[in-house]
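Q: what shape does this take:
(one chain, ligands or ions: 1)
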Amino acid sequence: MGELHKLPGYQVSQKIRNQEIFAEEYISQLFERIDKVDLKINSFISKNYESVLLKAKQIDKKIKNNEKLGSLLGIPIGIKDNISVLGLKTTCASRILQEYVPPYNATVIDRLEKQDAIIIGKLNMDEFGMGTSSEFSHYGPVHNPWNQEYVAGGSSGGSAAAVSSLQVPVSLGSDTGGSIRCPCSFCSVIGIKPTYGLVSRYGLVSYSNSLEQIGPIARTVVDIAMTLNAICGRDSNDNTSASSSASAGIDQQFEYKIDSVDGILGKNYKVGIIDNLIDSSEYQVKETVHKKINLLKEHDFSVHKTKINYSDFALAAYYVIATAEASSNLSRFDNIRYGFNYNPEGYEWNSYSSHVRSNFGEEVKRRILVGSFVLSAGYYGKYYLKAQKIRKIIKNEFNKLFKLFDVLVLPTMPILPFRIGEKVAKPLELYNLDIYTILSNLAGIPAMSIPAGFSKEGLPIGLQLLSNEFNEQVLIDIATFFEHKDKFNEWIPSI
Ligand code: GLN
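A: Residues are numbered from 1 along each chain as shown. Sure, this is the predicted structure:
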């Protein structure tokens, strides 16, 4: 007792199911943990202990009454604060939405609750998901559990840091250009950005619709697979969501399984190493990634070097497309449909609007300006259309690579976590850090970050795995292999 917070979600769930522990008791212990640890991490924006305890009691009652139990029974899940939860504030870490309470659940929330998961609270992030360090938050920066003077990565920094510091076993993040994988790499946890369309975006506050996906973050691959199974699949509220029959010839429900290491080795996966990209990373990152590659070779995976052409243009294309879509999406925050209590008395339209919109943070304003510029008459062809062409070229590159390989390997981030404040005033330096993560968003393919090791300063390093559309199973298999060999689920910060 008293150590339950250390257990992964699936184990807690088993104990609750077997009536070894009560959900209520577990949740109360977790609250104590959160109250103690989050003072140092700042991962939560809001939590609602009362309704969470009520939910836990309902679960205990369900078990007593022999009712049908969901696959995520009693697993507490933290939610990035840009995913709508009925009745809980959804601020997107922005001042402009500090009072906003959504009147409905995102589809992913309904699906988690249907499986008896417990939505425990809302997690800190970069404002509207725009950032790479979780420093652009109205609620202050998220601190890295491995060293609190360092950033947790972003934009789902609260989601990764809360899991890493054993405050919750599982969380949801969103990933437009790396926002799940970057903080997972910096905090040493697992996170997956699914194929575009695998998970419904209904109820996710849009940053860049054509790039982003919601995905799970956890410390074990089992928890990742279970959560993904619960949230994925067609949703009539999101027309970009895929039905399983439409995808890659699979005519069944999406379902990801955990195989044994022998089973995985028997699948003879072909691994491609994106050599031209690995070379541009910091030497400790490079060394660690090469160690992982060697581990694959030692186990007779067929491993070959390869490269991705035109990747030099990807970052520029990403920032043109992402800001263009953002500038359009963020126009809805006019304090009429969403917002807080600002009396319009005494203002004419333009000054009221600029008064209201001055509540956006610096980085968000920068994105709106850039996005409006690249879409403006006379520049549209020069920037936006060109970016779309590059996007297509990158997609074609991946199509070629996946004829040769099942999985591609590269670092998640080119550098180690950095100190809070170090890059906050250097937007271009921050943008450049997304070089490895944005590729899969442009191509719509799935990508996962798993813990790979530590620098000599004790800072986490992540390994990124990419696979073809709707082939999440390969990522889960390779991650299971590494989890078994490295036991990275036992790498836990002392906090
Ligand atoms: N760092 C990237 C950006 O700022 C990615 C953000 C994200 O994935 N939401 O756009």
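Q: please list the residues of the stretch 351-495 of the chain that sit near the ligand.
A: Residues of the stretch 351-495 of the chain lying near the ligand by C-beta under 6 Å from any ligand atom: D434. Glycine gets a C-beta too; all of them are placed from N, C-alpha and C.
Q: and the residue of the stretch 351-495 of the chain that's closest to the ligand?
A: Residue nearest to the ligand within the stretch 351-495 of the chain: D434 (4.7 Å; C-beta to the nearest ligand atom).
Q: and that residue, what's its pLDDT?
A: As predicted, D434 sits at a pLDDT of 98.
Q: I'd say it and G131 touch.
A: No: using C-beta atoms under 8 Å, D434 makes no contact with G131, being 10.1 Å away.
Q: so for the two, which sits in the more crowded spot?
A: Each of D434 and G131 has its neighbours counted (other C-beta atoms under 10 Å); G131 has more, 28 against 24.
Q: ok so that one is a strand residue?
A: No: per DSSP: H, G, I helix; E, B strand; the rest coil, G131 lies outside any strand segment and is coil.
Q: in stretch 20-30, what's buried?
A: 21-24, 26-30 (16 or more other C-beta atoms under 10 Å).
Q: now, which of those residues lie within helices?
A: 23-24, 26-30 (DSSP state H).
Q: just the pLDDT for K392.
A: With respect to pLDDT, K392 has a value of 98.
Q: name the SS class of it, please.
A: With three-state DSSP as the basis, K392 sits in helix.
Q: which residues touch stretch 353-373?
A: 94-96, 126-128, 130-131, 136, 138, 319, 322-328, 330, 333-335, 339, 342, 347, 379, 383, 427 (C-beta atoms under 8 Å, 6 or more residues apart in numbering).
Q: state the distance from the residue lying closest to E212 once chain neighbours are set aside to the ligand.
A: Leaving aside its chain neighbours, E212 sits nearest to T176 (4.0 Å; criterion: C-beta to C-beta, 6 or more residues apart in numbering). According to C-beta to the nearest ligand atom, to the nearest Å, T176 and the ligand sit 3 Å apart.
Q: shouldn't T176 be in contact with I321?
A: No: if you go by C-beta under 8 Å, T176 and I321 don't touch, sitting 9.9 Å apart.
Q: off-centre distance for the helix or strand of the chain with the lowest mean pLDDT?
A: Within the chain, no helix or strand scores below helix 349-357, which has a mean of 87 by mean pLDDT, DSSP states H and E. Centroid displacement of helix 349-357 relative to its chain, using C-alpha atoms, centre = their mean, to the nearest Å, is 33 Å.
Q: can you pull the buried residues of it?
A: By neighbour count on 16+ other C-beta under 10 Å, the buried set for helix 349-357 is 352, 356-357.
Q: stretch 387-401 now?
A: 387-388, 390-391, 393-394, 397-398, 401.
Q: T288 belongs to a helix?
A: Yes: counting by three-state DSSP, T288 is part of a helix.
Q: give me the number of residues near it?
A: Neighbours of T288 (other C-beta under 10 Å): 22.
Q: tell me the contacts of it?
A: Applying C-beta under 8 Å, 6+ apart, the residues contacting T288 are 452-455, 461, 463.
Q: how about those, which pair is most distant?
A: With C-beta to C-beta as the measure, no two of the contacts of T288 lie farther apart than S455 and L463, at 13.8 Å.
Q: of those two, give the one with the bigger neighbour count.
A: The neighbour comparison of S455 against L463 (other C-beta under 10 Å) goes to L463, with 26 against 17.
Q: could you look up the SS state of that one?
A: What three-state DSSP gives for L463 is strand.
Q: show me what it is bridged to.
A: Per DSSP bridges, the residues bridged to L463 are P411, I450.
Q: would you mind listing what in this protein touches the ligand?
A: When proximity is defined as C-beta under 6 Å from any ligand atom, the chain approaches the ligand at 129-132, 155, 175-179, 207, 322, 434.
Q: can you rerun that using 8 Å?
A: Selection of the chain residues close to the ligand by C-beta under 8 Å from any ligand atom yields 126, 129-132, 154-156, 174-180, 182, 207-208, 211-212, 318-319, 322, 363, 367, 430-431, 433-434, 437-438, 441.
Q: quick one: K62 from the ligand, how far?
A: Per C-beta to the nearest ligand atom, K62 is found 36 Å from the ligand.
Q: which residue, other than its chain neighbours, is closest to that residue?
A: Nearest one to K62, counting by C-beta to C-beta, 6+ apart, is L69 at 6.4 Å.
Q: got the contact list for that neighbour?
A: Neighbouring residues of L69 by C-beta under 8 Å, 6+ apart: 17, 62-63, 116.
Q: okay if I get those as TSV plus secondary structure and pLDDT?
A: Shown next, in TSV, are the contacts of L69 (DSSP: H, G, I helix; E, B strand; the rest coil; pLDDT from 0 to 100):
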residue	secondary structure	pLDDT
R17	helix	96
K62	helix	96
I63	helix	96
D116	coil	97
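Q: export those to JSON lines and tack on neighbour count?
A: Output for the contacts of L69, formatted as JSON lines (neighbours: other C-beta atoms under 10 Å):
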{"residue": "R17", "neighbour count": "16"}
{"residue": "K62", "neighbour count": "17"}
{"residue": "I63", "neighbour count": "18"}
{"residue": "D116", "neighbour count": "25"}
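Q: which one of these is nearest the ligand?
A: Nearest to the ligand among these, counting by C-beta to the nearest ligand atom, is D116 at 29.1 Å.
Q: wait, doesn't the closest one sit right on A56?
A: No: D116 is not in contact with A56 according to C-beta under 8 Å; the separation is 10.4 Å.
Q: I'd assumed N489 was in contact with E483.
A: Yes: E483 sits in contact with N489 when judged by C-beta under 8 Å, with a separation of 6.0 Å.
Q: these two: which is more packed in?
A: A count of neighbours by other C-beta under 10 Å puts E483 above the other of E483 and N489, at 22 against 18.
Q: and that one, what element?
A: Here E483 sits within helix 472-486, counting by DSSP states H and E.
Q: may I see the buried residues of that helix?
A: Result for helix 472-486 [16+ other C-beta under 10 Å]: buried residues 472-483, 486.
Q: what of stretch 37-57?
A: By neighbour count on 16+ other C-beta under 10 Å, the buried set for stretch 37-57 is 37-38, 41-48, 52-53, 55-56.
Q: pLDDT averaged over it, what's the number?
A: For stretch 37-57, the per-residue pLDDT averages 96.
Q: first-to-last residue distance for it?
A: Using C-alpha to C-alpha, to the nearest Å, the end-to-end distance of stretch 37-57 comes out at 24 Å.
Q: chain center to it: distance?
A: 20 Å.
Q: what do you get for stretch 285-304?
A: Relative to its chain's centre, stretch 285-304 lies at 25 Å (C-alpha atoms, centre = their mean).
Q: over to stretch 102-122?
A: When C-alpha coordinates are averaged (C-alpha atoms, centre = their mean), stretch 102-122 and its chain have centres 16 Å apart.
Q: coming back round to it: what's the closest of the buried residues of stretch 20-30 to the ligand?
A: Among the buried residues of stretch 20-30, L30 lies closest to the ligand (C-beta to the nearest ligand atom), at 27.1 Å.
Q: for the closest one, what are its contacts?
A: 4-5, 76, 120, 167-168.
Q: ok, K57 next?
A: Neighbouring residues of K57 by C-beta under 8 Å, 6+ apart: 23-24.
Q: okay, and it sits in which element?
A: Per DSSP H and E: helix 49-64 holds K57.
Q: rewinding a little: redo the ones in helices among the buried residues of stretch 20-30 as a markdown table? Include pLDDT.
A: Compiled in a markdown table, these are given as follows (pLDDT from 0 to 100):
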| residue | pLDDT |
| --- | --- |
| A23 | 97 |
| E24 | 97 |
| Y26 | 97 |
| I27 | 97 |
| S28 | 95 |
| Q29 | 95 |
| L30 | 96 |
